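**Q** turn this into a structure:
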Amino acid sequence: MSAGGIKEQRLFARNRNFRALLVSSTSGVLGNAVAAVALPIIAAVELQASNFEVAALAGMTFLPWLILGLLIGVWVDRLPRKPVMMAALAVRVVVLGVLPLGYWLGFLTTPLLFVVAFIAGVASVFFQLADAALVQQAVTPDELMEGNGLITGSGAAADAAGRAMAGWLTSFAGASNTLLVQLAASIVSLFAVQRLDVKEVVQPPTKRPIVREMADGLRYTFSTAPLRALLFNAALWNLGGNIAASLIVLLVLRTLGESEVWLGLLLAAASLGGAVGGVTANWMGERFGSGPLWRWSMVPGVLGYGSLLVLSPGWGMLWGVAGMFVMGASVSWNIVVGSSFRQRVCPPGMMGRLGAASRTVSWGMLALASLIAGVLAETVGIRQAILVGVVIACTAPLVALLGPLRGVTRLEDLAEAPAPVPREEAPKGSL
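**A** All right, here's what the predicted structure looks like:
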C-alpha cells in the first residue's frame, strides 16, 4: 500500500467528524447519481418530453446556483451549518418523494418534474455550501488535499455505482420507482450529518444589508489572480462540458437507439474515473506539483468528451466508456486541487460566500449549458450540439496553460489570503 493510501486511512480512522462528512457526502452522491439518471429518463420515456425539455431538465438542479447562490451563501455564513445541512436533506426527501407518488397516482407531468428538480436544486445549494464550510473546519489545512481527495474519490465511486444501478433499475422497475433509492440514500446522509460534532465558526450577528455581504463574496472571489484563474477555468469547462453531458441521454436513447443499460455504463465510467482521480490526486500533487496537475488536468478531459462524437451502436459504445473514464479522472484532479486551494486561503466566516460566488459563476454555467444544449439539439442536431460543447470545453485548459498560474509549481505557496472585507464598514463605492 502506498504512503498516500496509509495516510488516507489514518485520517478516516482518527477523525470522527471527517468520517461523518465522508459518509454523508458519499450517500448524498449515490442518491444524486440515481436521480441524475432517472429524471431525464422519466422525461424522455415516461412523459415523452421534447429534446429541448430533456436537455433543459438537466440544468434545473443548477439553475438555483445562478439566481439564488449568492443569497444562500450569505445565509450559510450567518447560520450554523449542521442544521442547514439537515434541513436541506429533509427537503430533498420530501420533494423527490412526490415523483414516485405522482407516477403511482397518475398526476406526474413534465412541469411537475421541472418544479421538483428546481426545489431539489435549491436544497442542494444549501447543503453543498454548508458541507464545504464544515470540511474546512473538520480537518487541518495540511489535510485538505488528502481529505478532499478521499471525499472526491469516495463520492465518484458512489456516483459510478448509483448511475450503473439506475441504468439497470430504470429498465427493470421504471425510472420513477428508481427514485426510491435516492430517498433512502438521503436518509442515510441525514443520520450521518446528525453525528457531526464540529465547533463551528459562524459570523457574529450583523445588521449589514444582505446585498453588501453578497458583494463581499463576489469581491473576494475575484480578489486575486489564483482565485480568478480557478474560477474562469471551471466556468468555461462547465459551459462546454455540460452542453455535451446534457445530451448524452438523447444521444444514447434516441440517436443511437441503445438501452438505458449503456447509458448507465457511460455515466458510471465517468464516475469510476472520478474515483480514481480523487484517490490519486494527493499523490499526484505531491509527485508533480499541484500547479502542473491543475493546469494539465483538463486536457485529457476534453479528449474524453470528444469520444462521444465517435460513438456507434453495439461495441462502438466502448469508445465512450473509455473516454468518460478519462474525463472523470481529469475533472477530479482539477476539483481536488481547486477546492483545496480555496479552503486553504479563505477565512472560515467567508467560506459560504466564497463558495456561493464561485459556484454561482461556474455552476451557473451548468444551467445555461443545459438550455443551450436544448436549443442546439432542436436546431442543428444532437451530434453537432455535442461538437459545439467540446469546442467550448477546449478553452478551459487554455486558461490554465496560458494564464497567470502557468509557471507555478505549488499552488499552496500562493496561499496568502486577501484581507477580508471589514464587517462593520464596507469599502466606498460598494453596494
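**Q** state the distance from the one residue sitting closest to the centre of the chain to Leu230.
**A** Nearest to the geometric centre of the chain sits Trp363, at 7.8 Å (C-alpha atoms, centre = their mean). According to C-beta to C-beta, to the nearest Å, Trp363 stands 13 Å off from Leu230. Where C-beta positions appear, they are placed from N, C-alpha and C, glycine not excepted.
**Q** check Thr224 too.
**A** For Thr224, the distance to Leu230 - C-beta to C-beta - is 10 Å.
**Q** what of Met85?
**A** Met85 is 24 Å from Leu230, by C-beta to C-beta.
**Q** quick one: which of Thr224 and Leu230 has more around it?
**A** Leu230 (26 against 16; other C-beta atoms under 10 Å).
**Q** how about low-confidence regions in the stretch 301-431 of the chain?
**A** In the predicted model of the stretch 301-431 of the chain, residues 415-431 satisfy pLDDT under 70.
**Q** can you map out the helices along it?
**A** 318-345, 351-362, 364-379, 382-393, 395-402 (DSSP state H, counting those that start in this stretch).
**Q** and these: which comes nearest Glu412?
**A** Nearest to Glu412, of all the helices of the stretch 301-431 of the chain, is helix 318-345, at 6.7 Å by C-beta to C-beta.
**Q** list the buried ones in that closest one?
**A** Judged by neighbour count using 16 or more other C-beta atoms under 10 Å, the buried positions of helix 318-345 are 318-321, 323-345.
**Q** run the angle between it and helix 395-402 for me.
**A** 50 degrees (axes from the mean of the first three to the mean of the last three C-alpha atoms, to 10 degrees).
**Q** would you mind getting the angle between helix 318-345 and helix 351-362?
**A** 140 degrees.
**Q** now helix 318-345: how far from the chain's centre is it?
**A** 11 Å (C-alpha atoms, centre = their mean, to the nearest Å).
**Q** so what does it touch, helix or strand wise?
**A** With contacts defined as 3 or more C-beta pairs under 8 Å, 6 or more residues apart in numbering; DSSP states H and E, helix 318-345 has these neighbours: helix 110-138, helix 144-173, helix 225-246, helix 260-288, helix 290-296, helix 298-306, helix 351-362.
**Q** average model confidence for the fourth one?
**A** Per-residue pLDDT values over helix 260-288 give a mean of 85.
**Q** now the longest one
**A** Throughout helix 144-173, pLDDT has a mean value of 78.
**Q** that one: what's the following helix or strand?
**A** For helix 144-173, the following helix or strand on the C-terminal side (DSSP states H and E) is helix 175-194.
**Q** which helices and strands does that next one pack with?
**A** Packed next to helix 175-194, using 3+ C-beta pairs under 8 Å, 6+ apart, are helix 16-41, helix 81-96, helix 98-105, helix 144-173.
**Q** export these to JSON lines and tack on mean neighbour count and distance to Ala192?
**A** Formatted as JSON lines, the helices and strands packed on helix 175-194 follow (neighbours: other C-beta atoms under 10 Å; distance: least, C-beta to C-beta, whole Å):
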{"stretch": "helix 16-41", "mean neighbour count": "24", "distance to Ala192": "4"}
{"stretch": "helix 81-96", "mean neighbour count": "21", "distance to Ala192": "10"}
{"stretch": "helix 98-105", "mean neighbour count": "17", "distance to Ala192": "24"}
{"stretch": "helix 144-173", "mean neighbour count": "23", "distance to Ala192": "12"}
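**Q** and the helices and strands packed on helix 318-345: which comes nearest Leu47?
**A** Nearest to Leu47, of those and by C-beta to C-beta, is helix 110-138 at 5.1 Å.
**Q** and that closest one, what's buried?
**A** 110, 113-114, 116-136, 138.
**Q** cool, stretch 53-71 as well?
**A** For stretch 53-71, by 16+ other C-beta under 10 Å, it's 53-66, 68-71.
**Q** surely Ala367 meets Gly59?
**A** Yes. Counting by C-beta atoms under 8 Å, Ala367 touches Gly59, with 4.0 Å between them.
**Q** in helices only, show me the buried residues of stretch 53-71.
**A** 53-60, 63-66, 68-71 (DSSP state H).
**Q** which of the residues you listed has the weakest pLDDT?
**A** Ala58 (72).
**Q** my guess is that residue contacts Ile41. True?
**A** No. With contact defined as C-beta under 8 Å, Ala58 does not count as touching Ile41 (11.7 Å).
**Q** quick revisit: can I get the helices and strands packed on helix 175-194 in CSV with distance to Met298?
**A** CSV is the format used below for the helices and strands packed on helix 175-194 (distance: least, C-beta to C-beta, whole Å):
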stretch, distance to Met298
helix 16-41, 21
helix 81-96, 30
helix 98-105, 35
helix 144-173, 16
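**Q** wait, which of those is closest to Ile248?
**A** helix 16-41 (8.9 Å).
**Q** how far off centre is that closest one?
**A** 11 Å.
**Q** got the angle between that helix and helix 110-138?
**A** 160 degrees.
**Q** now do helix 16-41, average pLDDT.
**A** Computed over helix 16-41, the average pLDDT equals 84.
**Q** could you number the chain from 213 rather than 1 from now on?
**A** Right, with 213 as the first residue, what we last looked at is helix 228-253.
**Q** check which residues of whichever strand or helix holds Ala427 are buried.
**A** When elements are assigned from DSSP H and E, Ala427 belongs to helix 422-433. Judged by neighbour count (16+ other C-beta under 10 Å), helix 422-433 contains these buried residues: 424-433.
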